[in-house]
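Peer 1: I'll drop the sequence and a predicted model, then ask my questions.
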Protein chains: 2
Amino acid sequence: MSGRSGAIDVSGTSGTDGAGGGRGARERLVVIGGDAAGMSAASQARRLRGPDELEIVAFERGHFTSYSACGIPYWVGGDVPDRDRLIARTPEEHRKRSIDLRMRTEVTEIDVAGARVRSRDLETGAEAWTSYDRLVVATGARPVRPELPGVDAPGVHGVQTLDDGQALLDSLARTEGRRAVVVGAGYIGVEMAEALINRGYEVTVVNRGREPMATLDPDMGRLVHTAMEGLGITMVGDTEVTGFLTGGGGTSLPERSRGLGGGRVRAVVTEDATYPADVVVLGIGVRPETSLARAAGLPLGEHGGLLTDLSMRVRGHEDIWAGGDCVEVLDLVSGRERHIALGTHANKHGQVIGSNVAGGYATFPGVVGTAVSKVCDLEIARTGLREKDARRAGLRFETVTIRSTSRAGYYPNAALMTVKMLAEHRTGRLLGVQIVGREGAAKRVDIAAVALTAGMTVEQMTMLDLGYAPPFSPVWDPVLVAARKAVAKVRKGPR
Amino acid sequence: MSGRSGAIDVSGTSGTDGAGGGRGARERLVVIGGDAAGMSAASQARRLRGPDELEIVAFERGHFTSYSACGIPYWVGGDVPDRDRLIARTPEEHRKRSIDLRMRTEVTEIDVAGARVRSRDLETGAEAWTSYDRLVVATGARPVRPELPGVDAPGVHGVQTLDDGQALLDSLARTEGRRAVVVGAGYIGVEMAEALINRGYEVTVVNRGREPMATLDPDMGRLVHTAMEGLGITMVGDTEVTGFLTGGGGTSLPERSRGLGGGRVRAVVTEDATYPADVVVLGIGVRPETSLARAAGLPLGEHGGLLTDLSMRVRGHEDIWAGGDCVEVLDLVSGRERHIALGTHANKHGQVIGSNVAGGYATFPGVVGTAVSKVCDLEIARTGLREKDARRAGLRFETVTIRSTSRAGYYPNAALMTVKMLAEHRTGRLLGVQIVGREGAAKRVDIAAVALTAGMTVEQMTMLDLGYAPPFSPVWDPVLVAARKAVAKVRKGPR
């Protein structure tokens, strides 16, 4: 955080003027991060307050704004032909709405006491201070990059941002080899594995756990495992990556694994084996990108994310809000903070923050942990707590797993669906649902998501008036079948 | 109700013994009606109490038990190749579970004071009295057959029971003509129209209202209208059927329209025109089949259905339960009783009744009025109140209609979806949702069904943690987009 005095305030408003702007003065909102949360907040604030009332300055260090990071696997896989289709709103569109958007400009410091941020133009290197009346921190998340030999070698890619996706596609174009290794079998890892299979790569997924999709219980993850193998993906579970072999450097394994030569990645090394790789994708997960916030002394939680109140205001800071992948959110089921990087939350946070910074009122009550994904024609969904989560939260629970179908059994093309449900011991409160199936499995989890939000018991759920017609559901919806079985188990269990 | 004394009690238990069965005596449960509600009740009761404790006698006047009436259009249309696939459990299967099932035996009287029912074997004509300790009335619904000239002519069909469906198919097989007229454009009418189109018929649907699907508001029904025309169905709205021309009888129009000759139907006559018809399907709706209950003095509601308490016990009758299409249910949104004939409710009723008659405990809290349907690749869904219902309930409300897509806009094959939402004035409480679209429209209504059950406001709904991934939803689910717009309208409206 050196060099503060060397930067010039180019924003036309001194820190004092900005921070102390009196009644009637035009206030300035500064937004750090130009993707979902940041630009939703900026847009919503602009909707509520015109440029005469509120100046909005937004900083984005990358090349893109308001894009769908969730769409990157489909772009890499070729389902989405064009990168620009992932962009909901371009910098020019934001600027037309009187948002002073500074692209390729990285905020390098938040001066909380001085109510200003320091930024650096990544093209010119020029630095500047910009004062704020209200600040929105929307710095997102960064992919976990384990500190392993060779991890920074060319050909090893994260896929968190559109810039990351572009770098991966460029890297694929430069490489003739067709062997891809994906490290980590979470949502992103599995989606990227399918994307690379679709591009004709030979794909191996190396995973720490035995089963993919650690967001599911292992018995449900096993179903995904089988589907991945059906696609021709080689899944290696229960193993730890120890490093990456690269093309340059020494010739002995230890030397090469250090990646000393700076050459392109050539293999992924685990405790047990070495997997040749022309390209490596890291799908190990993400962490909140909160180095700026940490340096500024803003409050962080146990997962490294910013802590906010229900209005998304940073705790203890009247004029600072935070949202999106850089914050922790309240899990309404366990009552604990979690970190979930998901565009749908980021957009809601932005909406709430934008209302509040503009003098309106909105709150984000928390999440129940819903996530859905698609691997080939397999639909995967979860909401609420896994067994592990429930135990960690100190809950006793019953679990049931049922198999049913997506349509009435007699209706053509009814597909199998597996539903797992967790209910609290004694109270019967719904704790979580996981669904793996073909059509109709993913969004069916929304039934449970709303029921969790409402605090329903599995007994209440058995009588839910859900849509029924033979093309869409058996007469007892699979979720209700699971609820009925859960009721029986809760009743039978020791009281 | 004459001839009571002429019938013999063949059940082996006298009325007095049965009704007054003391502690430890085997009790007898009598069930009237062998479809969803009745046989679910019988099966659930059997699950909880063995044959040593509880004798179960069930009467069914038709040829089938426990079948999916909702599947009839798909059987007629050829999607379901075989009638037997619609049968969830055959008489033999029920009998194996120690249920004394008497097929083709119609109950002709309930003697409440004597705690017995009179039945008639439809094959032999033999009559008998059977006493009960507990009685379940599950007599279902009957299609509305307007008292019009010719309505009873051969070739005019209802499609409420499997027997009806078989009669229609037999009738189609006997007729060479390919012109079908469907009277009424509700769910059954529209589904039957599609079924007949699929069998190669030329189909005209004649409807009282301007738009099909009166369970939707007309602006949403209009979308179904367009889809029906796209299938080649001729839709004639705003017209009233006045009679049916038949093949026999006199030659003048007035004489023929009386169907005096008893010949097969030849045309449907409306106020405005005559539509030649080789077969006619009545899809005008159904009424509770409660003539037995009415004659027995059991309490009926304004829609003609039996009135029960939350345990599905007939009001004022300690030992009589009722469920399925013959009862009225509480609409949780309007607070009024409704009649809804739907297999999914009937099954739940049966489950609840079966628990209660066996000495367990269960309740059916009511419905929110969810219904889904499919016309070609159009998915149609509704839950809660239409504008008309809300007004009738004395509610003031705001409505919004939005168009969104089934998937992220950039994801291949994203389909348009129209969502209409009603929210209560001031409170913002969700009142109803209607969705018309292609994939993903029907079961999406479950989100609203659960939210209605929980009494959520549209503002609460905007922050629901619903499943999001590009193949399944835009980042703001269409239901949430509608909720956001509804919030804005509720806020803006006069307070």
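Peer 2: Happy to help now that I have it. Numbers count the residues shown, from 1 in each chain, chains lettered A, B, ... in the order given.
Peer 1: please name the nearest non-neighbouring residue to the residue nearest to the spatial centre of chain A.
Peer 2: Central residue of chain A (C-alpha atoms, centre = their mean): A:Ala341, 2.4 Å from the mean position. In space, and not counting its chain neighbours, A:Ala341 is closest to A:Asp325: 4.0 Å by C-beta to C-beta, 6 or more residues apart in numbering or on different chains. To be clear about C-beta, it is placed using only N, CA and C from the backbone, and glycine gets the same treatment.
Peer 1: would you list every one of the strands in the stretch 151-300 of chain A?
Peer 2: A:156-157, A:179-183, A:202-206, A:234-236, A:241-246, A:265-270, A:274-276, A:279-282, A:286-288 (DSSP state E, counting those that start in this stretch).
Peer 1: the ones you listed into JSON lines, with extra columns for mean pLDDT, mean neighbour count and distance to chain B?
Peer 2: As requested, these are exported to JSON lines (pLDDT from 0 to 100; neighbours: other C-beta atoms under 10 Å in any protein chain shown; distance: least, C-beta to the nearest C-beta, whole Å):
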{"stretch": "strand A:156-157", "mean pLDDT": "95", "mean neighbour count": "24", "distance to chain B": "20"}
{"stretch": "strand A:179-183", "mean pLDDT": "97", "mean neighbour count": "27", "distance to chain B": "18"}
{"stretch": "strand A:202-206", "mean pLDDT": "98", "mean neighbour count": "23", "distance to chain B": "19"}
{"stretch": "strand A:234-236", "mean pLDDT": "97", "mean neighbour count": "17", "distance to chain B": "21"}
{"stretch": "strand A:241-246", "mean pLDDT": "95", "mean neighbour count": "22", "distance to chain B": "26"}
{"stretch": "strand A:265-270", "mean pLDDT": "96", "mean neighbour count": "22", "distance to chain B": "27"}
{"stretch": "strand A:274-276", "mean pLDDT": "97", "mean neighbour count": "17", "distance to chain B": "28"}
{"stretch": "strand A:279-282", "mean pLDDT": "96", "mean neighbour count": "26", "distance to chain B": "18"}
{"stretch": "strand A:286-288", "mean pLDDT": "94", "mean neighbour count": "22", "distance to chain B": "16"}
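Peer 1: which helix or which strand is home to the residue of the stretch 201-350 of chain A found nearest chain B?
Peer 2: Across the stretch 201-350 of chain A, the shortest distance to chain B (C-beta to the nearest C-beta) belongs to A:Thr344, at 3.8 Å. Using DSSP states H and E, A:Thr344 falls within helix A:343-357.
Peer 1: on contacts alone, who are the packing partners of that helix?
Peer 2: Where contact means 3 or more C-beta pairs under 8 Å, 6 or more residues apart in numbering or on different chains; DSSP states H and E, helix A:343-357 is packed against helix A:36-48, strand A:134-137, strand A:320-322.
Peer 1: by mean pLDDT, flag the weakest helix or strand of chain A.
Peer 2: In chain A, the helix or strand scored least confidently by mean pLDDT, DSSP states H and E is helix A:15-19, which has a mean of 39.
Peer 1: the helix or strand following that helix vs helix A:343-357, what angle?
Peer 2: Counting by DSSP H and E, the next helix or strand C-terminal to helix A:15-19 is strand A:27-32. Here the directions of strand A:27-32 and helix A:343-357 differ by 160 degrees (axes from the mean of the first three to the mean of the last three C-alpha atoms, to 10 degrees).
Peer 1: adjacent strands (with direction) for strand A:27-32?
Peer 2: As defined by DSSP bridges, the strand partners of strand A:27-32 come to strand A:54-60 (parallel), strand A:134-137 (parallel).
Peer 1: identify all contacting residues around it.
Peer 2: A:11, A:13, A:18, A:21, A:38-39, A:41-42, A:45, A:53-59, A:107, A:110, A:117, A:130-139, A:292, A:357 (C-beta atoms under 8 Å, 6 or more residues apart in numbering or on different chains).
Peer 1: likewise stretch A:171-180?
Peer 2: Taking C-beta under 8 Å, 6+ apart as the rule, stretch A:171-180 contacts A:76, A:154-155, A:157, A:193, A:196, A:199-204, A:264, A:275-281.
Peer 1: what comes up buried for that stretch?
Peer 2: The neighbour-count check on stretch A:171-180 (16 or more other C-beta atoms under 10 Å in any protein chain shown) flags A:Ser171, A:Leu172, A:Thr175, A:Arg179, A:Ala180 as buried.
Peer 1: same deal with stretch A:220-235?
Peer 2: Under the neighbour-count criterion of 16+ other C-beta under 10 Å, stretch A:220-235 has A:Met220, A:Gly221, A:Arg222, A:Leu223, A:Val224, A:His225, A:Ala227, A:Met228, A:Leu231, A:Ile233, A:Met235 buried.
Peer 1: can you add distance to A:Gln351 and give these back as a markdown table?
Peer 2: Below are these laid out as a markdown table (distance: C-beta to C-beta, whole Å):
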| residue | distance to A:Gln351 |
| --- | --- |
| A:Met220 | 32 |
| A:Gly221 | 33 |
| A:Arg222 | 38 |
| A:Leu223 | 35 |
| A:Val224 | 32 |
| A:His225 | 37 |
| A:Ala227 | 35 |
| A:Met228 | 36 |
| A:Leu231 | 37 |
| A:Ile233 | 37 |
| A:Met235 | 38 |
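Peer 1: helices - which of these land there?
Peer 2: A:Met220, A:Gly221, A:Arg222, A:Leu223, A:Val224, A:His225, A:Ala227, A:Met228, A:Leu231 (DSSP state H).
Peer 1: OK, contacts around the closest residue to the last one other than its chain neighbours?
Peer 2: Yep, that's A:Leu231 we're talking about. In space, and not counting its chain neighbours, A:Leu231 is closest to A:Cys376: 5.2 Å by C-beta to C-beta, 6+ apart. Neighbour list for A:Cys376: A:Glu194, A:Ala227, A:Gly230, A:Leu231 [criterion: C-beta under 8 Å, 6+ apart].
Peer 1: wait, doesn't A:Ala415 sit right on A:Val436?
Peer 2: No. Contact criterion C-beta atoms under 8 Å: A:Ala415 and A:Val436 do not qualify, at 11.1 Å.
Peer 1: which two from the buried residues of stretch A:171-180 end up farthest apart in space?
Peer 2: A:Ser171 and A:Arg179 (13.3 Å; C-beta to C-beta).
Peer 1: surely the residue of the stretch 201-350 of chain A closest to chain B touches B:Pro470?
Peer 2: No. Using C-beta under 8 Å, A:Thr344 is not in contact with B:Pro470, being 10.9 Å away.
Peer 1: of the two, give the one with the bigger neighbour count.
Peer 2: When A:Thr344 is set against B:Pro470 and neighbours are counted by other C-beta atoms under 10 Å in any protein chain shown, the residue ahead is B:Pro470, at 28 against 25.
Peer 1: OK, contacts around that one?
Peer 2: A:Ser68, A:Cys70, A:Gly71, A:Tyr74, B:Arg407, B:Ala408, B:Tyr410, B:Tyr411.
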